[in-house]
Each structure stands twice: as structure tokens, then as C-alpha cells.
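Enquirer: structure for the following, please:
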Amino acid sequence: MKQKFSRWLQDAWYKEMYISSELMPISMLYDDAMRFRLFLYKKGLLKKTKLAVPVLIVGNITVGGTGKTPLIVWMARFLQEEGYKPGIISRGYGGHARQWPQWVDNNSDPELVGDEAVLMAQRAACPIAVGPERVKAAQMILDKSDCNIILSDDGLQHYALERDIEIAVVDGERRFGNGYTLPCGPLREPIGRLKTVDLVIVNGVPDDCDENEFCMAVEGDVLVNLVTKEEKLLSEFKGLSCHALAGIGNPKRFFNLLEKQQICIDTLAFQDHHQFKVEDISFNDDKPVLMTEKDAVKCLAFATDKHWYLPIKAKPEQPFIDKLLTLIKEKTRG
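Expert: Have a look, this model is predicted:
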């Protein structure tokens, strides 16, 4: 029931369906609370912590997936190529550890630290720590490694952590939905918040990007078998009848990608960060079952050779890369 309501609400937000006017006063109270909280931080009445290394925030102003995680992974690898030693912090959303922060590596349990954290550990090859208090997670990385720059996965609204660079990621297809803040709409903060960040990058095609926005493609063309690790081109599944499931912020994006390859799919969408069970991915037929890489990290223990996942990579446009590197050099100079 909770999953159905959550999906209905997001459909309402992004398809501009009618939302009861009774919720509007709550959204207005939410706006006021956000402004007051930000005022308290600006006046120093709520504590901010400045770390010894630069902090880059990669976040969004909407509820639901926008493509932050692929961008974070790309940034970590890019910075390593440029000679930096990045570390990643995250909320660990979906994790149920009893103590925080938690150190994350390739073999960490996604039920404890969250699915996105394990995915980033497997792909980014850098120190990662997660926890509700980003400052403590960052301090764990600084204490346990020689990291000299911190990337924060999400945290645009986590003002307790001082930041040097803010990057907002926008879903090019869904943008800002109906334009209202929670609970009437999907916005965590008003759209005007984007005027205060350093970079806005849109997950989509060039036509999705407005002036003063950069564009990022998210690409994937190889499926990997969860059990055998065999790799097949996505195009090899053209015309095949498959099951496709996704427990991510915007499942439709994954399903659309498969349909563009002319794969015949029966779709099954779950709530973001869904804790999969064997019955969720089992069907009474021999059709291949296709899923996202984020979902796959939670299904390894009970997957079969019918299960495949699609790794994806972010590909930011060159002007974004140039601007990002300029900003980082300015913050690390001296």
C-alpha cells in the first residue's frame, strides 16, 4: 500500500495531476520552515562545520532519482586521473546499521549501508563512508585515508556541512514536476535555489538543457549476468521478451532505455531503495530478467543465471568538465 501511494504521488507531481488544495497550507509551512532553517545557518545560530579539505556537494532539489550517483562515480574517477585523492560521503539511505558512520567497501552489506553506497564502492575505487551526519562520515574518511577532497552524494540541503562547490543535478525529462514544494509537489527547495549553486547539470539530451545549464548523458549498452558475469550487448536482446524491474527514483527512465532497443518488456516498478526478496525477481517462465545495477547489488545472494543488470556511466559535456576543473583548482590553490 505504501509503495502504491508513493508511486501515485510521484505520478501526480510529475504529470501535474490535481493535488488537493488542502495540502497547500502544508507546502507553505514547509517553505517557511526551510527559509527559517537557512536563516539560522546564515546567522550562525545553527552550527556549520568546515573541513580541512574542499567539499563538493552533488545534490538535487527534487524528490526522486536524477542521476546523482553515476555523476559522483564519474567525478571520483575523473579527479583521480587529475591527481586528486577523493573520498565520497553519503546518507546511506536504505541502510539499517545500528551505528553510524559506516565505512563502505566492495563487500559491504547493502542492507546495512544502503544500495547506492555499495554501488559507488564497487565503481569509484575510493574511500567511502556513510551516515546521517555527513560531517562525521567525512571525518571518518579523513581519519582513515589520505583523501584531499570530499564528494558528497546528495546533501544539498544538509547545511551543517560547509561546502566549497555545489552541483545540482536535474532530471531532463521530469524537470521540476508541477513546480510546488512538498507535499503538493516534488520540490525539496524552491526552484530559485538553483540560482545559488555553482553548476547545474541536466541528465538528458541537449534539448533538455536551458541556458546556464550543462548537459550529461547517461549511457549503458552492455548487460552483465549476475551469476556467471557473462557480458552481452544490449542490442543482442532486441526482439526478446523479458521481464524488467527497477527500484529506483525514476523507473521509467530505465524501462524507456530498454524499449528504445526494441526489447519487449513486462515492467515491474518498486519503490526507490526497495529491499528485494527472492519472490520479487522470480517468475514462472524462462524469460530473462533485466534490472538496474543499483538493484542488482541487493539481489546477488538469490539471483539465477536468468538475471542481468545494466551498468551505466555518466558522460558530462566538455564545458561542464572544464568549468568543474577550474572551480576545483580555485578552491585547492595554495
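Enquirer: got the contact list for the nearest residue to Phe254 once chain neighbours are set aside?
Expert: Nearest non-adjacent residue to Phe254, counting by Cβ to Cβ, 6 or more residues apart in numbering: Ala246, 4.6 Å away. The C-beta positions use only the backbone N, C-alpha and C, and glycine is treated the same way. Counting by Cβ atoms under 8 Å, 6 or more residues apart in numbering, Ala246 makes contact with Phe254, Phe255, Thr267, Leu268, Ala269, Phe270, Met291, Thr292, Asp295.
Enquirer: go on, Val202?
Expert: Val169, Val170, Asp171, Gly172, Asp208, Cys209, Asp210, Glu213, Phe214, Cys215, Met216.
Enquirer: where does the nearest residue to the third one once chain neighbours are set aside land in three-state SS?
Expert: What it means is Asp171. Excluding the flanking residues, the one nearest Asp171 by Cβ to Cβ, 6+ apart is Thr66, at 4.5 Å. Counting by DSSP: H, G, I helix; E, B strand; the rest coil, the backbone at Thr66 sits in coil.
Enquirer: quick one: pLDDT of Thr66?
Expert: pLDDT, Thr66: 87.
Enquirer: same deal with Lys4?
Expert: The model's pLDDT for Lys4 equals 64.
Enquirer: again, but for Met1
Expert: Taking Met1 on its own, its pLDDT is 59.
Enquirer: with Met24 instead?
Expert: 85.
Enquirer: who are the packing partners of the one helix or strand Ile328 maps to?
Expert: Counting by DSSP states H and E, the element that carries Ile328 is helix 318-332. Contacts defined by 3 or more Cβ pairs under 8 Å, 6 or more residues apart in numbering; DSSP states H and E place helix 318-332 against helix 68-81, strand 165-171, strand 199-203, strand 214-219.
Enquirer: closest to Thr181 out of the ones you listed?
Expert: Within the helices and strands packed on helix 318-332, the stretch nearest Thr181 is strand 165-171; the backing value is 15.4 Å (Cβ to Cβ).
Enquirer: give me the angle between the closest one and helix 318-332.
Expert: Counting by axes from the mean of the first three to the mean of the last three Cα atoms, to 10 degrees, strand 165-171 lies at 150 degrees to helix 318-332.
Enquirer: return the distance of strand 165-171 from the chain's centre.
Expert: From the chain centre to the centre of strand 165-171 is a distance of 11 Å (Cα atoms, centre = their mean, to the nearest Å).
Enquirer: can you give the strand pairings for it, parallel or anti for each?
Expert: Strand 165-171 pairs in its sheet with strand 55-59 (parallel), strand 199-203 (parallel), by DSSP bridges.
Enquirer: average pLDDT for the first one, rounded please.
Expert: If I follow you right, that is strand 55-59. Averaged over strand 55-59, pLDDT sits at 97.
Enquirer: list the contacts for the closest residue in space to Gly114 that isn't next to it in sequence?
Expert: In space, and not counting its chain neighbours, Gly114 is closest to Gly95: 3.9 Å by Cβ to Cβ, 6+ apart. Applying Cβ under 8 Å, 6+ apart to Gly95 gives the contacts Gln102, Pro110, Glu111, Leu112, Val113, Gly114, Ala117, Val130.
Enquirer: ditto for Ile88
Expert: Ile88 sits in contact with 72, 76, 120, 124, 126-129, 141, 150-153, where contact means Cβ under 8 Å, 6+ apart.
Enquirer: ditto for Trp8
Expert: Taking Cβ under 8 Å, 6+ apart as the definition, Trp8 has no contacts.
Enquirer: for it, pull up the helix or strand it's in.
Expert: Per DSSP H and E: helix 2-15 holds Trp8.
Enquirer: among the contacts of Gly95, which ones are buried?
Expert: Neighbour counting by 16 or more other Cβ atoms under 10 Å classes Gln102, Pro110, Leu112, Val113, Gly114, Ala117, Val130 among the contacts of Gly95 as buried.
Enquirer: from those residues, which is closest to Gln262?
Expert: Within the buried ones among the contacts of Gly95, distances to Gln262 taken as Cβ to Cβ reach their minimum at Pro110, with 31.9 Å.
Enquirer: okay, that closest one: pLDDT?
Expert: 94.
Enquirer: so it sits against Gln122, correct?
Expert: No. Counting by Cβ atoms under 8 Å, Pro110 stays clear of Gln122, with 10.6 Å between them.
Enquirer: which residues do these two both contact?
Expert: Taking Cβ under 8 Å, 6+ apart as the criterion, Pro110 and Gln122 both touch Val297.
Enquirer: circling back to that earlier point, Throw the contacts of Val202 into CSV and include pLDDT, thanks.
Expert: As requested, the contacts of Val202 are exported to CSV (pLDDT from 0 to 100):
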residue, pLDDT
Val169, 97
Val170, 96
Asp171, 92
Gly172, 91
Asp208, 78
Cys209, 85
Asp210, 86
Glu213, 95
Phe214, 96
Cys215, 95
Met216, 96
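Enquirer: distance of Gln271 from Leu156?
Expert: According to Cβ to Cβ, to the nearest Å, Gln271 stands 22 Å off from Leu156.
Enquirer: neighbour-wise, which of those two wins?
Expert: Under the neighbour definition other Cβ atoms under 10 Å, Gln271 and Leu156 were set side by side, and Leu156 has more, 21 against 17.
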